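Chemist: Curious how this folds, go ahead:
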Amino acid sequence: MVAMVTASFCLFFLNLILSATATTAKTSGFSVELIHRDSPKSPFYNPLESPSQRVANALRHSISRTHHFLSSAETDAPRSNIISNAGQYLMNISLGTPPFPILAIADTGSDLVWTQCEPCQCYKQDTPFYNPNSSSTYKTIPCSATQCKKLQGTSCSDEFDPESTCIYSVAYGDQSFTNGDLALDTITLSSTSGQPVALPNITFGCGNNNDGTFNERGSGIIGLGAGDLSLISQMGESIGGKFSYCLVPLTATIGSSSKINFGSNGIVSGPEAVSTPLVRKTSDSFYYLTLEGISVDGERINVSGSFALSKGNIVIDSGTPLTMLPTNFFALLKDSVSSKINATQSESTVQGLQLCYDNSERDIKVPDITVHFTSADVKLKPLNTFVQVNKELICFSFIGRDGSAPPIYGNLVQMNFLVGYDTQEQTVSFKPTDCTKA
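Modeler: Numbering: from 1, shown residues only. From the prediction side, this is the model:
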């Protein structure tokens with residue numbers, strides 16, 4: 001009997017309830033609760049949507065999100081793979097002194113941390129804008145500073161004065177944008193232990209000209225990518241370059257929550273843990289791995305052609321539900337998987353899904369699938385490989401697609417794994433885990 005995922009998959013909410021007292025971040029670890037967007041705990045929960053509607057919305061987002069990877073991969077402009085209405089994490093943080101609560105999109109595919117600031121020519125926002133004049137720890141960054149030089153699309157507020165304020169301008173793949181002052185302030189995170197963690201002198205964008213498809217319930221972006229100015233990189237030594245997350249299946253008991261872990265809490269180890277190298281490429285925002293092949297019931301299909309020649313040939317992304325592969329390689333995988341399933345194929349009700357079965361009369365036995373990264377074999381469960389789109393239809397969570405955008409290892413195949421990133425050792429680790437108990 002196969003346990004199938006019956007709700008949407010791509011949105012999580014980092015619920016960081018902050019208190020006024022906090023300790024400065026040290027190398028010791030801490031963890032933060034993650035809440036799915038469609039959970040009753042989430043402010044975005046819509047009780048009028050059916051589970052199948054949430055699934056459809058999430059899977060459509062998977063297709064749309066690739067366009068933003070394409071924008072980032074094909075240009076040197078400061079672009080990111082963000083979609084504002086679906087498929088993102090949300091993060092509650094506190095900014096400034098005294099702490100000012102901010103709800104923003106948390107994006108593993110972009111770097112800059114920014115929020116809407118007063119005075120603001122901004123998109124509509126339900127909560128107040130951040131006022132930098134109210135923070136005793138706020139200060140602007142001059143054009144001569146290293147942070148200004150590390151971010152593309154910056155300029156000087158006075159082109160003749162290198163000590164004038166650094167002005168940033170970032171455009172996202174969906175034509176959304178933010179412009180404003182690059183600045184420093186304290187960001188405070190809570191932890192599941194109840195002890196808030198203060199991060200002083202974090203570089204962020206104080207945006208006073210922002211627009212696009214951002215949701216009015218959010219107030220900016222928290223960049224968690226691989227670049228120098230992401231929140232992960234700026235936390236640096238305080239977390240030893242380590243973080244991990246454990247995503248619970250959506251079939252889990254109500255009240256079960258995913259978590260993201262930092263520092264010593266973010267270490268992934270043990271007899272079942274496997275590790276593969278991170279590969280740095282031109283687009284520093286993304287986390288690249290090297291996929292060598294995929295096995296179906298023990299029969300291995302190796303990558304080939306240009307896909308095989310490139311190290312760092314796939315992006316691991318926690319914001320995209322589906323795993324997306326080059327068309328030729330996916331065709332071989334699809335043929336192998338379909339040959340192992342004794343059931344009638346059906347057309348998908350969601351555009352883009354490419355291998356589906358009628359599941360109305362019986363549960364379908366699906367094959368075992370193992371993903372082979374360099375030095376790491378990751379054995380998936382049925383809940384990782386097939387998704388129940390509605391009561392009568394299950395679909396393969398892998399798809400093929402052409403184009404210049406990089407292949408993507410999505411979040412469905414990461415559920416019930418502890419996935420750890422070590423940016424100092426340049427590795428990503430996977431460990432099978434019951435994330436409801438992690």
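Chemist: residue boundaries of the helices in the stretch 301-438 of the chain?
Modeler: When assigned using DSSP state H, counting those that start in this stretch, the helices of the stretch 301-438 of the chain occupy the ranges 305-309, 327-339, 382-385.
Chemist: For these, give me a markdown table that also has distance to Tyr168, mean neighbour count and mean pLDDT.
Modeler: Every C-beta, even on glycine, is put in place using the N, C-alpha and C of the backbone. Output for the helices of the stretch 301-438 of the chain, formatted as a markdown table (distance: least, C-beta to C-beta, whole Å; neighbours: other C-beta atoms under 10 Å; pLDDT from 0 to 100):
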| stretch | distance to Tyr168 | mean neighbour count | mean pLDDT |
| --- | --- | --- | --- |
| helix 305-309 | 35 | 12 | 88 |
| helix 327-339 | 37 | 17 | 97 |
| helix 382-385 | 38 | 21 | 95 |
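Chemist: Can you list the low-confidence ranges for the stretch 251-400 of the chain?
Modeler: For the stretch 251-400 of the chain, residues meeting the criterion pLDDT under 70 lie at 251-255, 283.
Chemist: Strands of the stretch 151-300 of the chain, residue ranges please.
Modeler: 155-156, 166-171, 177-189, 197-211, 220-223, 242-246, 258-262, 274-277, 288-289, 291-296, 299-302 (DSSP state E, counting those that start in this stretch).
Chemist: just checking, Asp107 touches Gly218?
Modeler: No. Using C-beta atoms under 8 Å, Asp107 is not in contact with Gly218; the gap is 11.1 Å.
Chemist: So which of those two has more stuff around it?
Modeler: The residue with more neighbours, out of Asp107 and Gly218, is Asp107; 28 against 25, by other C-beta atoms under 10 Å.
Chemist: Provide the partner residues of the more buried one in its beta bridges.
Modeler: Gly223 (DSSP bridges).
Chemist: for Cys156, same thing?
Modeler: According to DSSP bridges, the partner residues bridging Cys156 are Cys166.
Chemist: what sits against it?
Modeler: Contacts for Cys156 (C-beta atoms under 8 Å, 6 or more residues apart in numbering) come out as 143, 162, 164-167.
Chemist: what's around the residue lying closest to Lys124 once chain neighbours are set aside, how many residues?
Modeler: Spatial nearest neighbour of Lys124, chain neighbours left out: Glu216 (4.7 Å); criterion: C-beta to C-beta, 6 or more residues apart in numbering. Neighbourhood size, Glu216 [other C-beta under 10 Å]: 11.
Chemist: ok, now which ones touch Glu216?
Modeler: Counted by C-beta under 8 Å, 6+ apart, Glu216 has contacts 123-126.
Chemist: swap in Glu299?
Modeler: Counting by C-beta under 8 Å, 6+ apart, the residues that Glu299 touches are Ser336.
Chemist: And it, how far from Asp368?
Modeler: 10 Å (C-beta to C-beta, to the nearest Å).
Chemist: Check Glu272 too.
Modeler: Counting by C-beta to C-beta, the gap from Glu272 to Asp368 is 16 Å.
Chemist: go on, Val337?
Modeler: 10 Å.
Chemist: Now do the shared contacts for these two.
Modeler: With C-beta under 8 Å, 6+ apart as the test, Val337 and Asp368 both reach Val296.
Chemist: could the contacts of Cys156 go into JSON lines alongside pLDDT, neighbour count and distance to Pro249?
Modeler: Converted to JSON lines, the contacts of Cys156 look like this (pLDDT from 0 to 100; neighbours: other C-beta atoms under 10 Å; distance: C-beta to C-beta, whole Å):
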{"residue": "Cys143", "pLDDT": "95", "neighbour count": "20", "distance to Pro249": "48"}
{"residue": "Pro162", "pLDDT": "87", "neighbour count": "13", "distance to Pro249": "53"}
{"residue": "Ser164", "pLDDT": "96", "neighbour count": "16", "distance to Pro249": "51"}
{"residue": "Thr165", "pLDDT": "97", "neighbour count": "20", "distance to Pro249": "47"}
{"residue": "Cys166", "pLDDT": "97", "neighbour count": "25", "distance to Pro249": "44"}
{"residue": "Ile167", "pLDDT": "97", "neighbour count": "20", "distance to Pro249": "44"}
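Chemist: Return the member of these nearest to Asp181.
Modeler: Checking the contacts of Cys156 against Asp181 by C-beta to C-beta gives Thr165 as the nearest, at 5.3 Å.
Chemist: Tell me the spacing between the closest one and Gln345.
Modeler: Going from Thr165 to Gln345 by C-beta to C-beta gives 59 Å.
Chemist: Same question for Pro406.
Modeler: Pro406 is 28 Å from Gln345, by C-beta to C-beta.
Chemist: who's more crowded, those two?
Modeler: Pro406 (22 against 11).
Chemist: quick one, what contacts the residue nearest to Gly180 when sequence neighbours are not counted?
Modeler: In space, and not counting its chain neighbours, Gly180 is closest to Gly207: 3.9 Å by C-beta to C-beta, 6+ apart. Applying C-beta under 8 Å, 6+ apart to Gly207 gives the contacts 114-117, 120, 122, 178-180, 220.
Chemist: I'd like to know how many residues surround Gln426.
Modeler: Gln426 has 13 nearby residues by other C-beta under 10 Å.
Chemist: one step back: measure the residue nearest to Gly180 to Cys122 for me?
Modeler: 7 Å.
Chemist: try Gly400
Modeler: 40 Å.
Chemist: roughly how far apart are Ala183 and Asp126?
Modeler: From Ala183 across to Asp126, the span is 23 Å (C-beta to C-beta).
Chemist: More neighbours: which of these two?
Modeler: More neighbours surround Ala183 than the other of Ala183 and Asp126, with 22 against 11 (other C-beta under 10 Å).
Chemist: Was I right to think that one contacts Gly205?
Modeler: Yes. Proximity of Ala183 to Gly205 meets the contact threshold set by C-beta under 8 Å, at 7.5 Å.
Chemist: Now the terminal residues of stretch 232-242, how far apart.
Modeler: Stretch 232-242 has an end-to-end distance of 8 Å (C-alpha to C-alpha, to the nearest Å).
Chemist: neighbouring contacts of that stretch?
Modeler: 25-27, 29, 111, 199, 202-203, 224-227, 243, 262-264, 266-267, 420-425.
Chemist: If we use 7 Å, what do you get?
Modeler: Applying C-beta atoms under 7 Å, 6 or more residues apart in numbering, the external contacts of stretch 232-242 come out as 25-27, 199, 202-203, 224, 227, 243, 262-263, 266-267, 420-424.
Chemist: Likewise for stretch 269-285?
Modeler: 72-73, 80, 109-111, 225-227, 287-290, 311-312, 373-378, 426-432.
Chemist: Please report the distance of the residue lying farthest from the centre of the chain from Ser169.
Modeler: Distance from the C-alpha centroid of the chain peaks at Phe160, with 39.4 Å (C-alpha atoms, centre = their mean). Here the criterion is C-beta to C-beta. By it, Phe160 lies 19 Å from Ser169.
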